[in-house]
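[1] could you work out the structure for the sequence below:
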Amino acid sequence: MPPINDAELSHALRAAQAPQAAPAAAARSALALGCAGALGEELLSLLVGSGQYRQVHVGVTQPIGSATARFAPWVVGQGTPLVDDAWICLTGAETFVPKASPVRRFAADELLAAARLARDAGARRLAVVAPLAALLQMGASASHIGSADEMELTRFGFERLVIVRPTAADAQAQDPHLLARLVRSMGRTLGQIMLPRHAQQLSPRNAALAIWAAVQAAGDGTSVLGARELLALLEARLPHL
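    You can find the predicted model right below:
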């Protein structure tokens, strides 16, 4: 199959999102935790710019100013905002985040801590973005509860819990050794050729758009979507792709 055309996907998803906005949705507020790195920043941009939320409280490590009323920095641990929805982005050491970034990162082992913050803030709907390596996307665990922490999360009482596993990005750190960089580059090229389409990495922008579409389409209860389900959902809603 031909690779996904990111530019076409981005344009089509934007067109698909436009008619979904509802006046009542603007009364909602959200909490965004861990939106660091390229994917997290793109997702945060969508949350703040979507029009579905009147305010997005963003977990940070230090007080910062805001140029827009929708973007509300919140120093994690200092008081508790009141929200309707919560979004948690988990990142690993391979995710490049500038040292100057004030966003509070959350690693995979901090999932429950982040979920407690969301629950304490009153969130009734929770979306968790937990990137998964390309090779692991081909296993059944990509679309099922995959850890004890996720199993515990299902007992937190959220009306809607959506765990989304997009294909994880390659490590951004530059190895000082030329041979190591060449091996990594060759492996990346072979992966693009040999991996099935659903396991191939989308650009951060289009991955965020796909995650947004998946969460909007999910119903109440618990849903787990791997890269295969993300692609199937997009093909169902946008068959011309």
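
[2] for the residue nearest the centre of the chain, what are its contacts?
    The geometric centre of the chain, computed from its C-alpha atoms, lies nearest to V129 (C-alpha atoms, centre = their mean), at 3.8 Å. Shown in contact with V129 (C-beta atoms under 8 Å, 6 or more residues apart in numbering): 39-40, 43, 87-90, 164, 166, 211. C-betas here are computed from N, CA, C, even on glycine.

[3] from G40, how far out is it?
    8 Å (C-beta to C-beta, to the nearest Å).

[4] quick check: neighbours shared by those two?
    Joint contacts of V129 and G40 (C-beta under 8 Å, 6+ apart) are C89.

[5] just checking, R124 touches D85?
    Yes - with contact defined as C-beta atoms under 8 Å, R124 reaches D85; the gap is 7.4 Å.

[6] picking that back up, give me the beta-bridge partners of the residue nearest to the centre of the chain?
    Taking DSSP bridges, one obtains C89, V164 as the residues bridged to V129.

[7] from Q216, how far out is it?
    Per C-beta to C-beta, V129 is found 14 Å from Q216.

[8] for L82, same thing?
    Distance, L82 to Q216, by C-beta to C-beta: 22 Å.

[9] pick out whichever of those two has more residues nearby.
    Q216 (16 against 12; other C-beta atoms under 10 Å).

[10] hang on, the more buried one is in a helix, isn't it?
    Yes - under DSSP: H, G, I helix; E, B strand; the rest coil, Q216 sits within a helix.

[11] mind checking the backbone torsions on H57?
    As for H57, its main-chain torsions (degrees, to the nearest 10) stand at phi -80, psi 120.

[12] enumerate every residue touching it.
    29-32, 72-74, 81, 83, 121.

[13] and if you look at A214?
    By C-beta under 8 Å, 6+ apart, the residues touching A214 are 162, 164, 225, 229-230, 233.

[14] ok, now how distant is it from G157?
    Here A214 is placed at a distance of 22 Å from G157 (C-beta to C-beta).

[15] possible to save the contacts of H57 as TSV with distance to I64, neighbour count and pLDDT?
    Below are the contacts of H57 laid out as TSV (distance: C-beta to C-beta, whole Å; neighbours: other C-beta atoms under 10 Å; pLDDT from 0 to 100):
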residue	distance to I64	neighbour count	pLDDT
S29	19	20	96
A30	18	27	97
L31	16	29	98
A32	14	26	97
A72	11	19	93
P73	5	17	95
W74	10	22	95
P81	15	19	94
V83	19	24	97
A121	19	20	97
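
[16] can you give me the strands in the chain?
    With DSSP state E, the ranges of strands along the chain come out as 28-33, 53-60, 71-75, 85-89, 125-129, 160-164, 221-225.

[17] nearest to S101, of those strands?
    Closest approach to S101 among the strands of the chain (C-beta to C-beta): strand 53-60, 8.9 Å.

[18] returning to that earlier point: look at R124 and D85 and report which has more neighbours.
    Using other C-beta under 10 Å as the criterion, R124 and D85 rank with D85 on top: 24 against 15.

[19] the more buried one and I64, how far apart?
    Look at D85 and I64: by C-beta to C-beta, they are 22 Å apart.

[20] do A142 as well
    Taking C-beta to C-beta as the measure, A142 falls 36 Å from I64.

[21] same question for A236.
    40 Å.

[22] L33 touches R104, doesn't it?
    Yes - the pair L33 and R104 qualifies as a contact (C-beta under 8 Å) at a distance of 6.9 Å.

[23] who has more neighbours, these two?
    Per other C-beta under 10 Å, whichever of L33 and R104 has more neighbours is L33, with 29 against 21.
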